[in-house]
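S.K.: Okay, here's the prediction I keep looking at, along with the sequence it came from:
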Amino acid sequence: MNKNILHAIFFDKEHHWDSLVRIHKKRIRSVVLSEVDKFHYCGDVRKGFRLFVCEGCHDVKHVPIRCKGKFCPTCAVGESQRWSDMIADDMYHTIHRHIVFTIDEGLRDLFLLHREELLKGLMDEAANVVKAYFRKKRITPGIIAGLHTFGSQLEFNSHVHMIVTMGGLTDGGKWVDYDYIPYKLLRIHWQNAVLKLLRRTLTPKEKKKAQPLLQNAYSKNAEGFYVNAPKRSRTNVKALLQYISRYMKRGPIALERIIYYDGDTVLFRYHDKRTNKEAIKIMGAKEFILSLIRHIPDKGFKTIRHYGLYSRRIKKTVQKVVRHLQEKMTKLLIRARKMAQPKKWRERITETFGIDPLKCSKCGNYYEFKGIVVSKKGQLTIQYANDWDARRYLREEIERIESEKEKHQQRKAEAQALENLRFDWEGLRQRAQGQERELYLSSMQGSGRDST
């Protein structure tokens, strides 16, 4: 399947995204419009590019600048900002447990409707539940929490993935390992925390309306909301970071899960947890798009947060203490940043395809970086050029691209005008058919009265 299949669903000749924006623009969040626009033009030289010239044959290569958007699956595969934020802090060389906090299915829509007020609170409450348990042991753990709003079928299913150090600092400043989590106890505390969060966040009117859902969520889950701990990782930090990334970095759907698109219908695979088997979901293209975009986080919202020893507020204070203690225990503080540096474009391409993109296929020499063009306020501008010839060439390229862009916009406007005309003509035709049917029925009724 074409790796750009998601791009086709949004922007092919059927114009599903344009149609949705035209119909629902007032209801679509501004951050969604912005992120989808980034995704639309990701890898398009009209939004900026780097210039490379072969040292031997002087062949020219344009490498488009990627959008690095939250919604773009191509950029998510690379080192996205969320992943960079997570590994910016060091990770302690100790056992880490992966814990998942879920909520009752009947409460999901409340978190969708009140996402601004509730989603951060959901992450905070999950961390508070873990910290409260460790506090009874007089231990402060390190916690990295990541919010997921999507389930395997793209439903809005808010839950928290958490990585927790199985150990931490005592009140006396000593490092203690700890490897037991009472999940039955955590479930009750987690359920109470979520229900209290909802009750103090919703307005009195909203609480009255949601009371049946809250009551049902409490009575239906006698043992509390589900808390799961799939795996733990010991001292292999590289494997740990890869494991974390699978849960905390991926978007709502991987491209390889989309198995069919015919311009109107989308089929994708998902794992059915009830049967523990692969299943197929069928959705209309517009329904599929709407299911995806609601998982785009609000502007400025951090989907990964740090608590306890990993909290940025206290990390610098305790880091020296922990390093000293762990050195005594022959456990060094691991520099996760150094072990998981984001790979550059050239390295990723070479690893994936086995071809160095900067080696000229014509003469065998290498391409040299000459300059970069970026988009500022919708206009292409030269950010850097390493010599006069490169600057002249880049100016010419900008003029050529801007000219092609104007022609493209003109063609798009003409196509939109034709589409609007077709839409208006179809409406007129339907109204005319309705009037003709009314006249026909009226004439039949009149004929009936005369006959009696």
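M.R.: Sure, I can see it. All values derive from a computational prediction rather than experimental measurement.
S.K.: just for the stretch 251-400 of the chain, where's the confidence low?
M.R.: Applying pLDDT under 70 to the stretch 251-400 of the chain picks out residues 313-343.
S.K.: Surely residue 251 and residue 76 touch.
M.R.: Yes: if you go by Cβ atoms under 8 Å, residue 251 and residue 76 touch, sitting 4.9 Å apart. Quick note: C-beta positions are derived from backbone N, CA and C, even for glycine.
S.K.: Could you report the separation of residue 370 from residue 153?
M.R.: 48 Å (Cβ to Cβ, to the nearest Å).
S.K.: Looking at these two, which one has more neighbours?
M.R.: More crowded of residue 370 and residue 153, by other Cβ atoms under 10 Å: residue 370, with 20 against 15.
S.K.: Quickly find the element holding the closest residue to the more buried one other than its chain neighbours.
M.R.: With Cβ to Cβ, 6 or more residues apart in numbering as the measure, residue 390 is the residue that lies nearest to residue 370, at 4.1 Å, once sequence neighbours are left out. Using DSSP states H and E, the element containing residue 390 is helix 388-451.
S.K.: okay, now the residue nearest to residue 370: neighbour count?
M.R.: Going by other Cβ under 10 Å, the residues that sit close to residue 390 add up to 19.
S.K.: Correct me if wrong: it contacts residue 50.
M.R.: No: with contact defined as Cβ under 8 Å, residue 390 does not reach residue 50; the gap is 11.2 Å.
S.K.: Phi first, then psi, for residue 370.
M.R.: For residue 370, the backbone dihedrals are phi -120, psi -30 (criterion: degrees, to the nearest 10).
S.K.: so what's it up against?
M.R.: The contact partners of residue 370, by Cβ atoms under 8 Å, 6 or more residues apart in numbering, come to 51, 52, 53, 385, 386, 387, 390, 393.
S.K.: Farthest pair within these?
M.R.: Farthest pair in those (Cβ to Cβ) is 52 and 387. Separation: 13.7 Å.
S.K.: So the two - more neighbours on which side?
M.R.: Using other Cβ under 10 Å, the more surrounded residue of residue 52 and residue 387 is residue 52, with 20 against 10.
S.K.: tell me the pLDDT at that one?
M.R.: Residue 52 carries a pLDDT score of 95 in this model.
S.K.: Could I get the phi/psi values of residue 309?
M.R.: The phi/psi pair for residue 309 (degrees, to the nearest 10) is phi -70, psi -20.
S.K.: you'd agree it is up against residue 164?
M.R.: No: assessed by Cβ under 8 Å, residue 309 is found out of contact with residue 164, at 10.2 Å.
S.K.: of these two, who's got more company?
M.R.: The neighbour comparison of residue 309 against residue 164 (other Cβ under 10 Å) goes to residue 164, with 28 against 24.
S.K.: How about that one, nearest residue that isn't a chain neighbour?
M.R.: Leaving aside its chain neighbours, residue 164 sits nearest to residue 97 (5.0 Å; criterion: Cβ to Cβ, 6+ apart).
S.K.: Flag the shaky bits of the stretch 101-250 of the chain, pLDDT-wise.
M.R.: For the stretch 101-250 of the chain, applying pLDDT under 70 flags the ranges 230-249.
S.K.: would you list every one of the strands in it?
M.R.: For the stretch 101-250 of the chain, strands defined by DSSP state E, counting those that start in this stretch occupy the ranges 139-140, 142-150, 156-165, 167-170, 175-177, 227-228, 232-233.
S.K.: Dump these into JSON lines; add distance to residue 124 as well.
M.R.: Output for the strands of the stretch 101-250 of the chain, formatted as JSON lines (distance: least, Cβ to Cβ, whole Å):
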{"stretch": "strand 139-140", "distance to residue 124": "16"}
{"stretch": "strand 142-150", "distance to residue 124": "9"}
{"stretch": "strand 156-165", "distance to residue 124": "10"}
{"stretch": "strand 167-170", "distance to residue 124": "19"}
{"stretch": "strand 175-177", "distance to residue 124": "25"}
{"stretch": "strand 227-228", "distance to residue 124": "16"}
{"stretch": "strand 232-233", "distance to residue 124": "24"}
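S.K.: Out of these, which is closest to residue 125?
M.R.: Here strand 156-165 is closest among the strands of the stretch 101-250 of the chain (Cβ to Cβ), at 8.6 Å.
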